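Chemist: pasting the sequence and the predicted model now:
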Amino acid sequence: MHRTEVVSGAKVGMTFPGPVIALEDATFTIGKGQFVSLIGPSGCGKSTLLRIVAGLISPTGGQLKTFGAPMVAPRPEIGMMFQRATLLEWKSVLDNVLLPNTLAGSVTKADRVRAIDLLHLVGLQGFEFAFPRQLSGGMQQRVALARLLNTGAELLLLDEPFGALDEFTRERLNLELMRIQSQVNATIMFVTHNIQEAVFLADRVFVMTPRPGRLAAEVTVDLPRPRTIELMKTTEFNDTMFRIRDILGGFI
Amino acid sequence: MTEVAYIPPAPKPKGIPAWAQHLIVFVAFITIWELAVSNQWVSALILPSPFAVAAAWWDLAIVKALLWDDFAITLTEVILGFAVGAAFGTTMAVLSAIQPTFRRLVSPYMVALQVTPRIAVAPIIVAWLGFGMEPKIAIAAIICFFPIFINTLTGLMQVDEDRMEMFTSMRATRWQVFRHLQLPGAMPVIMAGFKTGISLALIGAIVGEFVSASIGLGLMIQRFSYQLLLAEAFAVLIMLTVMGLLLYGAAALADRYVVFWKHDTLLASISARLRARYADLLTGSRAQARPAE
């Protein structure tokens, strides 16, 4: 069965004044429900590509389509999450999750119930009325994830969302992210510079190289789901990791 | 043999409670002051003894009940001056923050206002507005305007880029960005400007009274000083210190409640209140969540 195309790029390029070629000729398609990791060293254009897909910046070359239409501005079907939780300190955890509703104009009781369900989904029972500064970094990112899910977006763009967290928290959140994705059937683009994380999460890994930023190769991760930590011990997993490492080889 | 460097933990203050420590310092200060005067290290004409000051205050404020009208007038001038200065300062700052052209056009005048010693305008203001409370209010407003303007503008301009991108990706309007991100994010800096501003407004009102006044603590301190009644002048000074503390305390209290999210103790009680208010949501949510699991 042919999957619906959620994102497609044709020779997408981004040159910043300078000129700095942040991204050159990125051509790719991403189907509905796919989990794609974007990996590469600093300056490879992975965050730039993510921001183009988000509609935060317009590419200077090529064409990018999301949901079949050319990208001109941010769309409600697309949500973004950052390395920092970007919570609003003056709002309770619940009100932070409700931000998309607040911006849409009204917050109903049904919205609140749904937001609380999402908080429970990301494992934050009992913290609904806490404030961001009372939470650990990992918990703050869980709030940000719940807020992202509350946008109702079908395409989630995650820019190193767990990059600032310790290894154990990151591992746990990765497992939960996969569980949640399978529940809400979202399409995910996940930027990381951790090869293990990229392989563990993804169906496909876009390997990117810097100067100029390019989509150097694509590695398909043909490992069964649901995945557990045990998977990392298998030779298939490690072979995939080293394939990516070899592609990046000269650039790390 | 090498020794491992060991930094001992800072000792906890033990034995004497904090308030007693403050009392000891205060008593020592008064004692040294008294000794300095009674031993004539300093002439009593220049520095009245603490007891002379206390006696003068008692006589003026309690026995003759003289200083309270002045206190009320000066306080009114400060509060109204601050209100006017804060209103102008925040309005100009908000306009500057949301309108780059406006910011570019007014900024030279703001810099000019900053580098001009603003109390120098006091005689001019008095010439314009006469001898009532208006010139004091105006001078207080002019003096406290600047820190309020600059803090508000700085606060509004320093928007976190990631948060801004998040709002953009959620297609927030400009007003929503201002209302939900810029303004609350700026509140800590704005409130700091208000705290500085209220102290400066007091200075402004006193300067205005120095230039010309028929009532007010500034006038009283000037009059007593000219008559070399220094104990009385100090008694008035104490009233001004008390007023300054009251004003600053009010601003600090307002800061605490406006910028509540910086205070852990307040957050705990707000969390508890929210939890109580939305208790039904929590049970409702669990009831809905269960069948899905």
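Modeler: The structure has been received and is ready for your questions.
Chemist: what does the stretch 151-252 of chain A put close to chain B?
Modeler: Proximity of the stretch 151-252 of chain A to chain B (Cβ under 8 Å from any Cβ of the partner chain) is limited to residues A:Thr151. All C-beta spots, glycine's among them, are computed from the backbone N, C-alpha and C.
Chemist: let me see the ranges of the strands in the stretch 151-252 of chain A.
Modeler: Secondary structure of the stretch 151-252 of chain A (DSSP state E, counting those that start in this stretch): strands at A:155-159, A:187-192, A:204-209, A:214-220.
Chemist: which residue is nearest the centroid of chain B?
Modeler: B:Lys195 (2.5 Å; Cα atoms, centre = their mean).
Chemist: surely that one meets B:Ala252?
Modeler: Yes: counting by Cβ atoms under 8 Å, B:Lys195 touches B:Ala252, with 6.5 Å between them.
Chemist: what is the burial count for A:Phe242?
Modeler: Neighbourhood size, A:Phe242 [other Cβ atoms under 10 Å in any protein chain shown]: 12.
Chemist: let me redo that: A:Thr228
Modeler: Residues within reach of A:Thr228, counting by other Cβ under 10 Å, total 10.
Chemist: and what of B:Ala18?
Modeler: Per other Cβ under 10 Å, the neighbour tally for B:Ala18 reads 8.
Chemist: before we move on, what about the one 4 residues further on?
Modeler: For B:His22, the number of neighbouring residues by other Cβ under 10 Å comes to 10.
Chemist: now it: how far from chain A?
Modeler: Using Cβ to the nearest Cβ, to the nearest Å, we find B:His22 at a distance of 31 Å from chain A.
Chemist: can you tell me the element that residue falls in?
Modeler: Taking DSSP states H and E as the criterion, B:His22 maps to helix B:18-38.
Chemist: run the chain-centre distance for that helix.
Modeler: Distance of helix B:18-38 from the chain centroid (Cα atoms, centre = their mean, to the nearest Å) equals 27 Å.
Chemist: mind listing residues that contact that helix?
Modeler: Contact partners of helix B:18-38, identified using Cβ atoms under 8 Å, 6 or more residues apart in numbering or on different chains, comprise B:13, B:16, B:41-42, B:44, B:47-51.
Chemist: out of the residues you listed, which is most surrounded?
Modeler: For the contacts of helix B:18-38, neighbours tallied by other Cβ under 10 Å; top is B:Pro48, 23 neighbours.
Chemist: my guess is it contacts B:Ala231. True?
Modeler: Yes: the pair B:Pro48 / B:Ala231 is scored as a contact, 3.8 Å apart, by Cβ under 8 Å.
Chemist: let me know the secondary structure of A:Ile21.
Modeler: Per DSSP: H, G, I helix; E, B strand; the rest coil, the local secondary structure of A:Ile21 is strand.
Chemist: helices or strands up against the helix or strand where B:Ser199 lies?
Modeler: Element membership for B:Ser199 (DSSP H and E) is helix B:183-211. Counting contacts by 3 or more Cβ pairs under 8 Å, 6 or more residues apart in numbering or on different chains; DSSP states H and E, helix B:183-211 is packed against helix B:67-98, helix B:122-129, helix B:134-157, helix B:217-226, helix B:230-258.
Chemist: how far does it sit from the chain's center?
Modeler: On Cα atoms, centre = their mean, the centre of helix B:183-211 falls 6 Å from the chain's centre.
Chemist: all helices for chain A, in order.
Modeler: A:46-54, A:93-97, A:99-104, A:109-121, A:137-150, A:167-184, A:195-201, A:235-248 (DSSP state H).
Chemist: let me see the contact set for A:Leu201.
Modeler: A:35, A:37, A:174, A:177-178, A:190.
Chemist: need those in a markdown table (columns: neighbour count and pLDDT).
Modeler: Shown next, in a markdown table, are the contacts of A:Leu201 (neighbours: other Cβ atoms under 10 Å in any protein chain shown; pLDDT from 0 to 100):
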| residue | neighbour count | pLDDT |
| --- | --- | --- |
| A:Phe35 | 22 | 96 |
| A:Ser37 | 27 | 96 |
| A:Asn174 | 21 | 91 |
| A:Leu177 | 21 | 91 |
| A:Met178 | 19 | 92 |
| A:Phe190 | 28 | 96 |
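Chemist: just name the shakiest helix or strand of chain B by mean pLDDT.
Modeler: Every helix and strand in chain B was compared by mean pLDDT, DSSP states H and E; the lowest is helix B:279-292, with a mean of 58.
Chemist: residue 82: how many residues sit nearby?
Modeler: Because you didn't say which chain, this covers chain A. Neighbour tally, A:Phe82, other Cβ under 10 Å: 25.
Chemist: that's the wrong chain, I wanted chain B
Modeler: B:Phe82 has 29 neighbours, counted by other Cβ under 10 Å.
Chemist: now it, nearest residue through space, not along the chain?
Modeler: B:Ala201 (4.0 Å; Cβ to Cβ, 6 or more residues apart in numbering or on different chains).
Chemist: my guess is the one you found meets B:Phe145, correct?
Modeler: No: applying Cβ under 8 Å as the test, B:Ala201 and B:Phe145 come out as separate, 9.4 Å apart.
Chemist: hmm, who's touching stretch B:50-63?
Modeler: Here stretch B:50-63 makes contact (Cβ under 8 Å, 6+ apart) with B:30, B:33-34, B:37, B:44, B:48, B:66-68, B:229, B:231-232, B:234-236, B:238-239.
Chemist: go again with 6 Å.
Modeler: Here stretch B:50-63 makes contact (Cβ atoms under 6 Å, 6 or more residues apart in numbering or on different chains) with B:30, B:33-34, B:66-67, B:231-232, B:234-235.
Chemist: which of these are buried?
Modeler: B:33, B:67, B:231-232, B:234-235 (16 or more other Cβ atoms under 10 Å in any protein chain shown).
Chemist: residues touching the most centrally placed residue in chain A, list them.
Modeler: Chain A has A:Leu158 as the residue nearest its centroid, 2.2 Å off, counting by Cα atoms, centre = their mean. Neighbouring residues of A:Leu158 by Cβ under 6 Å, 6+ apart: A:81, A:190.
Chemist: who does it bridge with?
Modeler: Beta bridges link A:Leu158 to A:Met81, A:Phe190, judged by DSSP bridges.
Chemist: where's B:Ala250 relative to A:Leu56, distance?
Modeler: Going from B:Ala250 to A:Leu56 by Cβ to Cβ, to the nearest Å gives 43 Å.
Chemist: likewise for B:Asp255?
Modeler: From B:Asp255 across to A:Leu56, the span is 35 Å (Cβ to Cβ).
Chemist: could you do B:Tyr226 as well?
Modeler: 67 Å.
Chemist: looking at the two, which is more packed in?
Modeler: Taking neighbours as other Cβ under 10 Å, B:Tyr226 and A:Leu56 compare with A:Leu56 leading, 19 against 9.
Chemist: ok, the more buried one - contacts?
Modeler: B:165, B:168.
Chemist: stretch A:53-63: which residues count as buried?
Modeler: For stretch A:53-63, by 16+ other Cβ under 10 Å, it's A:53-56, A:59, A:62.
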